[in-house]
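Asks: fold the following and give me the result.
(one chain, ligands or ions: 1)
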Amino acid sequence: MSTKKKTMKIFADPAKFQRWSRERRLAGAKIALVPTMGYLHEGHLSLIAAARRRGADEIAVSIFVNPVQFGPNEDYARYPRDEKADIEKCRAAGATAVFLPTPETMYAPDHSVYVEENDLSLGLCGARRPGHFRGVCTVVAKLFNLAHPDFAVFGRKDYQQAQVIKRMVRDLDFDLKIVVAPIVREKSGLAMSSRNTYLSVDERAAALSISRALREVRPGPAGGVRDRIVRAIEKAGLKTDYVECVDSVTLKPVKRVAKGTAVLVAAYCGKTRLIDNREIV
Ligand code: AMP
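Replies: Just a heads-up that it's a prediction; the model follows:
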């Protein structure tokens, strides 16, 4: 077996990326897409590893901080970026292509078509971040049309996002599979996130209260589970955005936490909004 690594392609131009993927598909390659906003960490790299394990011949990682999914008072401008380091991480993880478009090449000045999901995206992060999932669905639909992958890999860290994307794929007949990979955590338990870079040492310690509280969740009345989490994270100095116990498929609130429940948390640690979740299996 050859140990020679393929050279990794780097694309900025959407049309060139689309042409490459079309050619590879026609040549019989199985294509995987890993959409990201960059500033890559082990969580992102685990998605590349998952694509490799599933036998993808080409693994394309998109790195794009999508302005359309950020609200006016959110962190679009200061979102961390490090293209050079990201490219090297992709190469080392076994990606075969990286797609790094700009907002100008992704959105024409008179761009006027958006994709909206109107059920799963209404609550949770969707309720607190108006327009967020419309931006996510729109950019992911565009990435699917550019890469035309056999499958795309998303992280369970963004639990609602994965469900919304699956619904979009079903309802709009995208010809691909969605793979959802487990949450990668630091040794401390903190869910990895590009936004963790915003945290001070003290904030990082306080942020641990989220994963700790989620680990301690036991089956029982949802109200009690919710109260315990809110109490624990607020005691650590965080501000609750939401804590909800929902059905893991419909994302509708449940009365009891049991098998098939997802417990979802969003909280502010200083100015940084963190999310985490645990599915009861
Ligand atoms: P982002 O760059 O934050 O938009 O994330 C890109 C993809 O990586 C999404 O599918 C996320 O769910 C996934 N992801 C981010 N953090 C993690 C993590 N800690 N574990 C697993 N997947 C993650």
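
Asks: can we go C-alpha only for contacts and neighbour counts from here?
Replies: Fine.

Asks: what residues does the stretch 51-200 of the chain put near the ligand?
Replies: Within the stretch 51-200 of the chain, the positions near the ligand by C-alpha under 6 Å from any ligand atom are Phe154, Gly155, Arg156, Lys157, Asp158, Pro182, Ile183, Val184, Arg185, Ala191, Met192, Ser193.

Asks: weed out the non-buried ones from those residues.
Replies: Buried subset of these (neighbour count, 16 or more other C-alpha atoms under 10 Å): Phe154, Gly155, Arg156, Lys157, Asp158, Ile183, Val184, Ala191, Met192, Ser193.

Asks: mind putting those residues in CSV, pLDDT included?
Replies: Converted to CSV, those look like this (pLDDT from 0 to 100):
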residue, pLDDT
Phe154, 99
Gly155, 98
Arg156, 98
Lys157, 98
Asp158, 98
Ile183, 98
Val184, 98
Ala191, 98
Met192, 98
Ser193, 98
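
Asks: so which of those residues sit within strands?
Replies: Among these, the members found in strands (DSSP state E) are Phe154, Gly155.

Asks: what is the most widely separated pair among the buried ones among the residues of the stretch 51-200 of the chain next to the ligand?
Replies: For those, the farthest-apart pair by C-alpha to C-alpha is Phe154 and Ala191; their separation is 14.8 Å.

Asks: show me the shaky parts of the stretch 1-150 of the chain.
Replies: 1-5 (pLDDT under 70).

Asks: now do the helices in the stretch 1-150 of the chain.
Replies: 14-26, 42-53, 83-93, 103-106, 124-128, 132-147 (DSSP state H, counting those that start in this stretch).

Asks: got those helices as a markdown table, with distance to Asp171 columns?
Replies: Listed next are the helices of the stretch 1-150 of the chain as a markdown table, based on distance: least, C-alpha to C-alpha, whole Å:
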| stretch | distance to Asp171 |
| --- | --- |
| helix 14-26 | 23 |
| helix 42-53 | 24 |
| helix 83-93 | 31 |
| helix 103-106 | 23 |
| helix 124-128 | 19 |
| helix 132-147 | 12 |
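
Asks: take these and lay them out in JSON lines including distance to Val201 and mean neighbour count.
Replies: Formatted as JSON lines, the helices of the stretch 1-150 of the chain follow (distance: least, C-alpha to C-alpha, whole Å; neighbours: other C-alpha atoms under 10 Å):
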{"stretch": "helix 14-26", "distance to Val201": "39", "mean neighbour count": "16"}
{"stretch": "helix 42-53", "distance to Val201": "20", "mean neighbour count": "20"}
{"stretch": "helix 83-93", "distance to Val201": "23", "mean neighbour count": "16"}
{"stretch": "helix 103-106", "distance to Val201": "33", "mean neighbour count": "12"}
{"stretch": "helix 124-128", "distance to Val201": "26", "mean neighbour count": "16"}
{"stretch": "helix 132-147", "distance to Val201": "29", "mean neighbour count": "21"}
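
Asks: so which of these is nearest Ser62?
Replies: Nearest of the helices of the stretch 1-150 of the chain (C-alpha to C-alpha): helix 132-147, 8.1 Å.

Asks: ok, residues contacting the closest one?
Replies: 14-15, 17-18, 21-22, 31, 33, 35, 60, 66-71, 114-117, 121, 126, 161, 164-165, 168, 174 (C-alpha atoms under 8 Å, 6 or more residues apart in numbering).
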